[in-house]
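Trainee: Let's see this in three dimensions:
(2 chains)
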Amino acid sequence: MPERQLITGNEAAAEGAIAGGCRYFFGYPITPQNKIPEYMSAHLPEIGGVYIQAESEVAAINMLYGAAATGAWAMTSSSSPGISLMQEGLSYMIGAELPCVLVNMVRGGPGLGNIAPAQSDYWLATRGAGHGDGRCLTFAPFSVQEIYDLIGQAFPIAQRYRNPVMILADAVLASMREPCVLRERLDPPEEKPAWAVGGRRRGRQRNIVNSLWTDPPVMEEVNLRIQQRYEEAAQNETRWTEHGADAPEILVCAYGISARICQTAIEHAAEAGIACRLIRPISLFPFPTEVIADWAQRVKKVLVVELSMGQFIEDVRLAVEGACPVEFFGRTGGVLVTPEEVAERIIEIA
Amino acid sequence: MNTLATTKTIQPIYTRPDSLTDVQMRYCPGCTHGIAHRLVAEVLDELDLKDRTIAIATVGCSVYAYEYFDTDAVQAAHGRGPAVATGIKRCQPDTIVFTYQGDGDLAAIGLAEVLHAAARAENFTVVFINNAVFGMTQGQMAPTTLMGQKTTTTPLGRSVEQGGYPLNICELLAQIPGVAYLARETMTSPKRVRHAKRSLKKAFQVQAAGLGFSLVELISSCPTWWHMKPLEALQWIEDVMVEQYPLKVFVDKLEQGEQAEKNL
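Mentor: Residues are numbered from 1 along each chain as shown, chains lettered A, B, ... in the order given. Below you'll find the predicted structure:
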């Protein structure tokens, strides 16, 4: 039965994953996401699952690669510098068409940076996934409840598209405590996918998990198959929310914690007589291009708000395709925007 | 249809092990990878492990190992075989998992992964091919390259100033309590080949018994990048390489367990 608890974003990520069927976790400590591995180390063994603390993020993502190859529902979590180290493994997982879930609680960068909230891994999340022609399906929650809900859904999505799924949040969402409705924990499906290694072979063809295709036309075929799955994901998994004025002057685009701040900012702007509508992409890849393109035809300007120096704005510009001016407001290095600052910027451009 | 198998008087006594596919291997003439593959396959056959084995191919000359072993297989990123093996084995403890890694893969880029897998007493087997050179990339220095040995990146011979000292992996691992079987062998003569097979068999038995981490280092020849004829290469192993890398069983917890039982 549903149960309401006051928990942090990190706890929501961990419990949401378990509730969604995750039974295997491989990770390495890094702030601000340490409560996720801590929670997993306490709770997975209780239900027959496995928690392993790897010697590095490099090892963690490759343990995940091995686990995923057996058809297990498995995950890792990290924060920006750790996600950088996981890029190689993600590329191999995409190439080998393996599903997994990973959480990135983004912190300020580049370099060692700091442990404050940032959104400066937007490119890393949506364009990254290491070398080659692949990407992570990426979802950006904006509340503790949404972290819990999205990570549960991420496992079947990863399986369906045989691709890593990243939950992209930040240091604020990781640490903040909110009421969260918890569901009953689901078990992962007993039947393993046909491509998985392991178990007793007995009569079936042997399975090989591999990303080495030395013949270019064969590699191209694999890449086109992966691309086809991204197109299917665009049809089925594109998610966003929108609210505010029905006849807006300014369209505000923001995701994750920035969108949360922008909710208040557009109320301030409305008080100053400027009608705004907020579009909040939940899926960053696939990106809700169409809805932004549609609104761009009907507004004076678009304002993009992000905790980075112009990463997310590129996807918005690609959607707007020059239909109206696209303005920017952002802070960086772990500094949050305030509703007042955003409202001022809206008034400035209106 | 008059094959050897159907002739009553002549029986084949030496055939391809069941655990090897009939794919033609891509190894150079005189290379000992082929013997090492065959020994692993014979052991899987003899212990009846083939149907629950997962082979992990790594990066180097043996990158295509997944084509040669007739088992389920996973191809791993360079050096990451032991991490991948950890993930597999932890999810499916009833499988038999082995990585097949060269000296570049295991002793250079993958040193952390293999050491920590041993420290965690992960219950899988590593087949470690040490031929003192990066073969696949055409003969560069490896961590196991001998002092003074010429490679394409040590054209004047390995020096301490430029390349430091060779790394003895078994001696490093021997200190780790999670290691249940550890041996260094070579394949330079029929006798040595028999010893190598005995160690490989022990390693897989140790895994099947759930005793922990097992590794067999096989000192191997690379006639191509050593610029030697195959027999000269084998002789060089005997004359030079085993000085640096003594052939030895370092750890055998199966034997220790049997001894302990006898003593009871």
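Trainee: Please make it C-alpha for all contacts and neighbour counts, starting now.
Mentor: OK.
Trainee: Can you pull the residues of chain B lying near chain A?
Mentor: Where proximity means Cα under 8 Å from any Cα of the partner chain, the interface of chain B facing chain A comprises B:51-54, B:66, B:70-77, B:80, B:83-88, B:90-92, B:94-95, B:112-113, B:116.
Trainee: Quick check on those residues: which are buried?
Mentor: Among the residues of chain B next to chain A, those scoring as buried are B:51-54, B:66, B:70-77, B:80, B:83-88, B:90-92, B:95, B:112-113, B:116 (criterion: 16 or more other Cα atoms under 10 Å in any protein chain shown).
Trainee: Filter the residues of chain B next to chain A down to the ones in strands?
Mentor: The subset of the residues of chain B next to chain A located in strands under the criterion DSSP state E comprises B:Thr53, B:Ile54, B:Asp72, B:Ala73, B:Val74, B:Gln75.
Trainee: check contacts around the first one.
Mentor: If I follow you right, that is B:Thr53. With contacts defined as Cα atoms under 8 Å, 6 or more residues apart in numbering or on different chains, the neighbours of B:Thr53 are A:Gly198, B:Thr71, B:Asp72, B:Thr95, B:Ile96, B:Val97, B:Phe98.
Trainee: quick one: the helices in chain A?
Mentor: Across chain A, reading from the start of the chain, the helices by DSSP state H fall at A:9-19, A:35-43, A:57-69, A:80-85, A:87-95, A:122-123, A:144-161, A:171-175, A:216-237, A:256-271, A:289-296, A:312-320, A:339-349.
Trainee: Identify whichever of those helices lies nearest to chain B.
Mentor: Closest of the helices of chain A to chain B is helix A:57-69, at 4.1 Å (criterion: Cα to the nearest Cα).
Trainee: what are the C-alpha coordinates of that closest one, in PDB please?
Mentor: Backbone C-alpha positions of helix A:57-69 (Å, rounded to 0.1, in the frame of the first residue of the first chain) are rendered in PDB as follows:
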ATOM      1  CA  GLU A  57      34.100   4.500 -11.200                       C
ATOM      2  CA  VAL A  58      35.900   2.900 -14.200                       C
ATOM      3  CA  ALA A  59      35.500  -0.500 -12.500                       C
ATOM      4  CA  ALA A  60      31.900   0.200 -11.300                       C
ATOM      5  CA  ILE A  61      30.600   0.900 -14.800                       C
ATOM      6  CA  ASN A  62      32.300  -2.300 -16.100                       C
ATOM      7  CA  MET A  63      30.800  -4.400 -13.300                       C
ATOM      8  CA  LEU A  64      27.500  -2.900 -14.500                       C
ATOM      9  CA  TYR A  65      28.400  -4.000 -18.000                       C
ATOM     10  CA  GLY A  66      29.000  -7.600 -16.800                       C
ATOM     11  CA  ALA A  67      25.800  -7.600 -14.700                       C
ATOM     12  CA  ALA A  68      23.800  -6.100 -17.600                       C
ATOM     13  CA  ALA A  69      25.100  -8.800 -19.900                       C
END
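Trainee: Not counting it itself, show me its contacts.
Mentor: Contact partners of helix A:57-69, identified using Cα under 8 Å, 6+ apart, comprise A:24-28, A:53-54, A:73-76, A:78, A:82-83, A:85-86, A:88-90, A:93, A:98-100, A:196-197, A:209, B:74, B:80, B:83-88, B:90-91, B:113.
Trainee: ok so, going back, tell me which of the helices of chain A is the most buried.
Mentor: The highest mean neighbour count among these, using mean count of other Cα atoms under 10 Å in any protein chain shown, belongs to helix A:57-69: a mean of 31.
Trainee: what is the orientation angle of that one with helix A:144-161?
Mentor: Relative orientation of helix A:57-69 with respect to helix A:144-161: 60 degrees, computed using axes from the mean of the first three to the mean of the last three Cα atoms, to 10 degrees.
Trainee: Low-confidence regions, chain A specifically.
Mentor: A:1, A:200-202 (pLDDT under 70).
Trainee: who in it is up against chain B?
Mentor: That would be A:24, A:50, A:55, A:59-60, A:62-70, A:72, A:89, A:92, A:197-202, A:206-212, which are the residues of chain A within reach of chain B (Cα under 8 Å from any Cα).
Trainee: returning to that earlier point: and the helices of chain A: which comes nearest A:Arg135?
Mentor: Comparison of these against A:Arg135 by Cα to Cα identifies helix A:87-95 as nearest, at 7.5 Å.
Trainee: which residue does the stretch 151-264 of chain B bring closest to chain A?
Mentor: In the stretch 151-264 of chain B, the residue that lies nearest chain A is B:Ala208 (14.6 Å; Cα to the nearest Cα).
Trainee: tally of neighbours for that residue?
Mentor: Using other Cα atoms under 10 Å in any protein chain shown, the number of residues around B:Ala208 comes to 20.
Trainee: Do I have it right that it meets B:Ile96?
Mentor: Yes. Under the contact definition of Cα atoms under 8 Å, B:Ala208 touches B:Ile96, with a separation of 7.0 Å.
Trainee: need the next SSE after the biggest helix by length in chain B, C-terminal direction.
Mentor: Of all the segments assigned as helix in chain B under DSSP H, the longest by residue count is helix B:190-208. Counting by DSSP states H and E, the next helix or strand C-terminal to helix B:190-208 is strand B:213-219.
Trainee: Direction included, what does that following strand pair up with?
Mentor: strand B:125-130 (parallel), strand B:179-186 (parallel) (DSSP bridges).
Trainee: Save these as TSV, and put in distance to A:Ile157 too.
Mentor: Output for these, formatted as TSV (distance: least, Cα to Cα, whole Å):
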stretch	distance to A:Ile157
strand B:125-130	34
strand B:179-186	39
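Trainee: Nearest residue to the middle of chain B?
Mentor: B:Val127 (2.7 Å; Cα atoms, centre = their mean).
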